[in-house]
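Asker: Test case, fold it:
(2 chains)
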There are 2 protein chains.
Amino acid sequence: MSRALSKLLTTQGKASVRDLDAVDLHTHVYLPRYMDILRARKDVPFVHPGVGGERLIILPAEQQQLEQQQQSGGISAGRPIGGEYWDASNKLRYMDRHGIRTSVLSLANPWLDFLPLEEQIRQATLLNDDMETLCRESSGRFLAFGVVPQDSTTAVKEVVRLSRELPHVRGVILSTAGLNGKGLDDPDMLDFYRAVDRAGLAIFLHPHYGLGNEHYGKYGHALFLALGFTFETTAAVSQLVLSGLLDQVPDTLRLLLAHSGGTLPFLAGRLDSCVEHDAAIAQNLQHAPSVYLKRFYYDAVAYHEPALQCLIDFVGSHKIVFGTDHPFFPPAQDNKEAPEGDKGGGEDLSELDWRSTLANYEIMANMSKEVQSAMLRDNAKKLMGI
Amino acid sequence: MSRALSKLLTTQGKASVRDLDAVDLHTHVYLPRYMDILRARKDVPFVHPGVGGERLIILPAEQQQLEQQQQSGGISAGRPIGGEYWDASNKLRYMDRHGIRTSVLSLANPWLDFLPLEEQIRQATLLNDDMETLCRESSGRFLAFGVVPQDSTTAVKEVVRLSRELPHVRGVILSTAGLNGKGLDDPDMLDFYRAVDRAGLAIFLHPHYGLGNEHYGKYGHALFLALGFTFETTAAVSQLVLSGLLDQVPDTLRLLLAHSGGTLPFLAGRLDSCVEHDAAIAQNLQHAPSVYLKRFYYDAVAYHEPALQCLIDFVGSHKIVFGTDHPFFPPAQDNKEAPEGDKGGGEDLSELDWRSTLANYEIMANMSKEVQSAMLRDNAKKLMGI
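Answerer: Below you'll find the predicted structure:
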């Protein structure tokens, strides 16, 4: 066990990681119904029946790689996808091993964005009902963010239905494309924001498309995930803030930003300064951008202490919730049979230590017990009504 | 005076901002020779003789705006450009007022990138010689970063000449496009990095092109400067790190990153994690990305304390140098005559307080005297051989 993890356990008064009693607000699932959709497709996003196990092909570049590899017999395109993505018992074993008492599940990207609208509407209802059933049967281990179709009117209706009929669904996950695919600053989003606020739900804002993707091709997924995702969130939320739409929404709207807000906690001062020096933009806003940013919630999926501390310094520890991004960033698998490092979903990853999860515990090690407890569980309980 | 500024002065034992004795490593100048180039042009970048004073048109979108406004009689395209951009006495008055003892000047973007290569080669020599003269005649108030043409072979020659013949030029400013316009990770850059290291010079890496520009159009310059610039630096440096080129360059290479490294201090942990989880990328590198990032120097142009603290937590205060980004982000000017907030370069801005400069003092207020002094002047003196 790392020194940092040991320090966290000592401060928390726990004997083992298994006892940490955390609430994970950033944890994904591909529901079986969603897997069926992906398995039936031949274009991005889809699941390909690979040689060493199924593979998830989610980016256009991965599809091209797959097509090239099918000629050469390789199997490393995309990523291996196994039970950790869809099997609730697998998720529970992973949770037990890593001290997670409750997971607030969300469908993983790209959600419904790729489906025709009428299919989005139909599947959103079915998937949200599936999610409710899964949570209800979990003895309190699962809650969920639901999904909405990319259409303001039906999305508002589904938000109302979630709040009235699906008690385990406590929010919705939203793509940076927003509804209508026109971004979070599209005026048509106003009704949705107001409806979510009225319903007492939360929005979990999550990237998928990447930003600056033309720069990342040489470097596998690494820069797409490290930079493309975080830039995407940063830009989308900055557009929302600068649009002035938030001046027309109650400040009680609960917006949770993935990956510690992308880069917003670091750039907030520069954003304020740039707006202050652009009178035409500043005059559209009641407040400096950072005032709005401080209303939001952020997960602690930051992977190093300087970033988490920056986030705490910026918004305060009462706005930060633990997250893992499970089942992404899995432990390295036995790769004897796969030349480029992935075997496919044959192994039970829930029986391994997940470095990515432990890293997001370790970055809390030097904080006070109160701050740790707020981020590990207390804030999430308040935000999700647990 | 703000409470933070007052606290900084108290900790530093100074009576006034004028006494702060800072060294500014991020401060730009458009040398008169360079202004002549810009004034002679009609395409981006160029200087337009506006109604209320000259205006700098630096982005394609600004040129479009200018063309539209010329039909309607407006003058708000681009930004006003006055003596603060090219007049050394103006810069000195600004420095005196803001407690800056020494400025290490650099040509502002877009440097020479837009000129044909033979013209770049010719102008680099002339501009570097101009810069040397300006510094030599400044009684120790100015040092400089030089410019190099975008060609490895001539750039290496100019680096050697700078180090042998121009004693006031202590480094070179470099665009994220690198030499050859193929980025910092282009293998042809290796000779240049090695030559800079051998010459004992520093590279000041600075953005110009923006990244994600398709998202910023609705919001003036604000998002282009706040996000586009910082994303650009982040991506370019990440590509350099992941390329493995730095394993072939002495670790004494002195690389100074503009705007506190873009977003790298915040994202470094995520970058490490994403590389660790991509075996094909990780195996090309001797170290985790953050190991390389910690070798670099960063300016303190961060605009809020959480970001500066994040930077300190990540690289240590011995790697951080004060900067202002003067003459960009000027004080608001009297705008009675200009409908959209800019008057043009008629006013002597050196007689005003620059909020953007003071902000980058204020963010140091809560740090120890030793950490402040390191960032305000001591580190810069070591790095620049003052």
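
Asker: residues touching A:Ile37, list them.
Answerer: A:Leu115, A:Gln123 (CB atoms under 8 Å, 6 or more residues apart in numbering or on different chains). For glycine as for every other residue, the C-beta is placed from the backbone atoms N, C-alpha and C.

Asker: any idea which element it lies in?
Answerer: Take DSSP states H and E as the rule and A:Ile37 turns out to sit in helix A:32-39.

Asker: Just give me how far that helix sits from the chain centre.
Answerer: Between the mean C-alpha location of helix A:32-39 and the chain-wide mean there is a distance of 19 Å, by CA atoms, centre = their mean, to the nearest Å.

Asker: For that helix, list every residue counted as buried.
Answerer: Buried residues in helix A:32-39, defined by neighbour count with 16 or more other CB atoms under 10 Å in any protein chain shown: A:Tyr34, A:Met35, A:Ile37, A:Leu38.

Asker: Against B:Val275, how distant is the residue lying closest to A:His304 once chain neighbours are set aside?
Answerer: The shortest distance from A:His304 to any non-neighbouring residue, by CB to CB, 6 or more residues apart in numbering or on different chains, is to B:Gly269 (2.5 Å). Here the criterion is CB to CB, to the nearest Å. By it, B:Gly269 lies 11 Å from B:Val275.

Asker: And for A:Gly13?
Answerer: Shown here: A:Gly13 relative to B:Val275, a distance of 35 Å by CB to CB.

Asker: The two - which one has more neighbours?
Answerer: B:Val275 (27 against 8; other CB atoms under 10 Å in any protein chain shown).

Asker: Isn't that one up against B:Val291?
Answerer: No: shown here, B:Val275 and B:Val291 do not form a contact pair, counting by CB atoms under 8 Å, at 10.9 Å.

Asker: Quick one: residues contacting A:Gly212.
Answerer: Neighbouring residues of A:Gly212 by CB under 8 Å, 6+ apart: A:Leu227, A:Gly228, A:Phe231, B:Leu211, B:Gly212, B:Phe231, B:Ala235.

Asker: For A:Arg79, which non-adjacent residue is closest in space?
Answerer: A:Leu56 (5.4 Å).

Asker: and that neighbour, how many neighbours?
Answerer: 23.

Asker: can you check the one 5 residues further on too?
Answerer: Each residue near A:Ala61 was counted by other CB under 10 Å, and the total is 18.

Asker: And the next helix or strand past the one helix or strand it maps to?
Answerer: Element membership for A:Ala61 (DSSP H and E) is helix A:60-72. Using DSSP H and E, the next helix or strand after helix A:60-72 towards the C-terminus is strand A:79-80.

Asker: hang on, A:Asp378 is in a strand, isn't it?
Answerer: No: looking at A:Asp378 with DSSP: H, G, I helix; E, B strand; the rest coil, it is helix, so not inside a strand.

Asker: In stretch A:319-338, which residues are buried?
Answerer: Using 16+ other CB under 10 Å as the burial criterion, the residues of stretch A:319-338 that qualify are A:319-330, A:333, A:338.

Asker: what does stretch A:54-72 give?
Answerer: Buried residues in stretch A:54-72 (16+ other CB under 10 Å): A:Glu54, A:Arg55, A:Leu56, A:Ile57, A:Ile58, A:Leu59, A:Ala61, A:Glu62, A:Gln63, A:Gln65, A:Leu66, A:Gln69.

Asker: which one of those sits closest to chain B?
Answerer: Closest to chain B out of the buried residues of stretch A:54-72 is A:Gln65 (11.6 Å), distances taken as CB to the nearest CB.

Asker: I figured that closest one hits A:Ala77, correct?
Answerer: Yes: contact criterion CB under 8 Å: A:Gln65 and A:Ala77 qualify, at 4.1 Å.

Asker: Which strands or helices does the host helix or strand of A:Gly171 pack on?
Answerer: Following DSSP H and E, one finds A:Gly171 within strand A:169-175. Under the contact definition 3 or more CB pairs under 8 Å, 6 or more residues apart in numbering or on different chains; DSSP states H and E, strand A:169-175 sits against strand A:100-107, helix A:117-136, strand A:142-146, helix A:152-165, strand A:202-206.

Asker: Touching it from outside, list them.
Answerer: Strand A:169-175 is contacted by residues A:104, A:106-107, A:109-111, A:113, A:128, A:131-132, A:135, A:143-148, A:150, A:158-159, A:162, A:184, A:196, A:201-209, A:254, A:256, A:384-385 when judged by CB under 8 Å, 6+ apart.

Asker: pLDDT-wise, which helix or strand of chain A ranks last?
Answerer: helix A:60-72 (a mean of 80; mean pLDDT, DSSP states H and E).

Asker: what are the ranges of the helices in the stretch 151-300 of chain A?
Answerer: Using DSSP state H, counting those that start in this stretch, the helices of the stretch 151-300 of chain A run over residues A:152-165, A:190-199, A:222-223, A:229-243, A:264-276, A:279-282, A:289-293.

Asker: To B:Val249, which of these lies closest?
Answerer: Set against B:Val249 and scored by CB to CB, these come closest in helix A:222-223, at 20.5 Å.

Asker: For the closest one, name the packing helices and strands.
Answerer: Partner elements for helix A:222-223 (3+ CB pairs under 8 Å, 6+ apart): helix B:229-243, helix B:264-276.
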